[in-house]
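Novice: show me the folded form of this:
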Amino acid sequence: MDKKKDLTPRIILLGSITEDIIDLPEGATFRSLGGILYQASVFCAFKKPVGLWAHLGKNLVNEFRRLTSGWRSLSRAAVKVVSRPGNRVHLYYPPRGEREEILENVVPPLNLKNLARRFSAGDFIMAVINSGFDFRREDWQWLVKRIDCPTWLDIHSLVLEPILGQPRRYRSLPDWPDWARGVTFLQANQQELACLLGNPQEKPTLGQMIDFSQQAASFGVEAVVVTLGRAGVFLGEGNKGEILAPPVAVEPVDTTGCGDVLAAATVIGLKEGQPIRDALRQGMELAVVAAQVKGVEAIFQELKNYLDNLII
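Specialist: Residues are numbered from 1 along each chain as shown. Got it, this is the predicted structure:
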């Protein structure tokens with residue numbers, strides 16, 4: 001989108017920019033740009049060089065430019081404006097249980113083969129499946145085989161039915177190894193992991209999470225990260241697994257994007273050489289901060305203030 005030269009070494013974000021319509025449990029509704037911008041907001045709040053690679057619907061261009069105008073470390077060079085409307089998703093949060101999602105528009109998938117030559121060994125690739133239509137499985141496999149840098153993959157919407165205009169039900173995903181093979185870090189939440197295990201209706205046990213971590217390791221995955229909401233985060237490294245408790249219990253304003261903030265903050269720690277356990281604790285702390293506000297813009301400002309207070 002812009003012509004600024006990418007800063008290196010960079011964090012590269014692959015995913016989708018979405019227009020989110022969010023219905024909260026208490027009945028309030030608000031709108032925000034979201035998707036991959038949740039992760040980008042964290043990197044930019046902490047002034048980390050980040051390249052955003054996504055398709056952007058033409059109807060969202062002006063809002064995207066305004067929203068990210070103060071994100072000084074963000075490269076938009078690989079954001080491509082497409083002629084059709086951008087991704088639009090309606091999220092319904094019930095008082096209890098999993099949220100319901102209706103995807104109303106979707107942009108064309110990224111062509112990862114065209115982007116591959118622009119990676120360097122110092123990069124860290126963070127890929128998020130925001131819609132399930134973000135990029136093709138065969139292109140992702142092709143890319144992972146040809147790059148020499150760490151990769152973080154968030155499964156996310158891949159476990160939802162690939163449909164538009166109606167509620168998307170969770171589904172089993174027997175081909176998950178084809179997505180995970182060769183990935184360094186694999187992320188899911190508890191519901192998404194249930195889909196990977198083949199039973200979307202059954203809450204995974206700690207033993208099942210450890211078994212999954214061991215299976216993922218056989219495909220080259222170094223660590224599995226499963227967000228558990230108020231219970232914290234499961235960290236699996238091969239046949240070892242543990243649940244990391246959250247730093248403090250808070251009543252959230254909005255949980256949308258909290259897992260994204262946790263993951264992005266964890267990647268910052270990993271890039272700085274922290275062990276993944278320490279990086280995840282940092283991520284959980286920032287997820288708590290993010291849960292006190294709603295929307296990407298507010299999260300960016302809240303995290304920026306958090307960093308400024310640390311410096312003071």
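Novice: alpha carbons only for contacts and neighbour counts from here, please
Specialist: OK.
Novice: right, and Gly182 touches Gly220 too?
Specialist: Yes - assessed by Cα atoms under 8 Å, Gly182 is found in contact with Gly220 at 5.0 Å.
Novice: how near is Arg117 to Gly295?
Specialist: Here Arg117 is placed at a distance of 34 Å from Gly295 (Cα to Cα, to the nearest Å).
Novice: same check, this time on Asn239
Specialist: 37 Å.
Novice: neighbour count winner among the two?
Specialist: Per other Cα atoms under 10 Å, whichever of Asn239 and Gly295 has more neighbours is Gly295, with 22 against 14.
Novice: which residue packs closest to that one, ignoring adjacent ones?
Specialist: Closest residue to Gly295 apart from its sequence neighbours, by Cα to Cα, 6 or more residues apart in numbering: Ser32 at 5.6 Å.
Novice: sticking with the one you found, tell me its helix or strand.
Specialist: strand 29-35 (DSSP states H and E).
Novice: dump the C-alpha coordinates for that strand into CSV.
Specialist: Only the C-alpha atoms of strand 29-35 are listed here, as CSV (Å, rounded to 0.1, in the frame of the first residue of the first chain):
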residue,chain,number,x,y,z
THR,A,29,-22.9,-3.6,20.1
PHE,A,30,-19.8,-1.9,18.7
ARG,A,31,-17.8,-1.9,15.5
SER,A,32,-14.0,-2.0,15.0
LEU,A,33,-11.5,-3.0,12.4
GLY,A,34,-9.8,-6.2,13.6
GLY,A,35,-8.4,-9.5,12.5
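Novice: of Gly182 and Gly220, who's got more company?
Specialist: Higher neighbour count among Gly182 and Gly220: Gly182, with 20 against 15, using other Cα under 10 Å.
Novice: quick check on the more buried one: phi, psi?
Specialist: Backbone geometry at Gly182, expressed as degrees, to the nearest 10, gives phi 90, psi -10.
Novice: ok, it to Arg146 distance?
Specialist: Applying Cα to Cα to Gly182 and Arg146 gives a distance of 10 Å.
Novice: surely Gly220 and Trp179 touch.
Specialist: No - taking contacts as Cα under 8 Å, Gly220 lies outside contact range of Trp179: 11.4 Å.
Novice: in the stretch 1-150 of the chain, what residue spans correspond to helices?
Specialist: 37-45, 61-67, 112-115, 137-146 (DSSP state H, counting those that start in this stretch).
Novice: ok, which of the ones you listed comes nearest Glu161?
Specialist: Proximity to Glu161, assessed across the helices of the stretch 1-150 of the chain by Cα to Cα, is greatest for helix 137-146 (15.4 Å).
Novice: what's the closest one packed up against?
Specialist: With contacts taken as 3 or more Cα pairs under 8 Å, 6 or more residues apart in numbering; DSSP states H and E, helix 137-146 sits against helix 112-115, helix 176-180.
Novice: how about the first one: buried residues?
Specialist: By that I understand helix 112-115. Using 16 or more other Cα atoms under 10 Å as the test for burial, helix 112-115 gives Leu112.
Novice: helices along the stretch 201-312 of the chain, start to end?
Specialist: Using DSSP H, counting those that start in this stretch, helices in the stretch 201-312 of the chain cover 206-217, 258-271, 276-290, 296-311.
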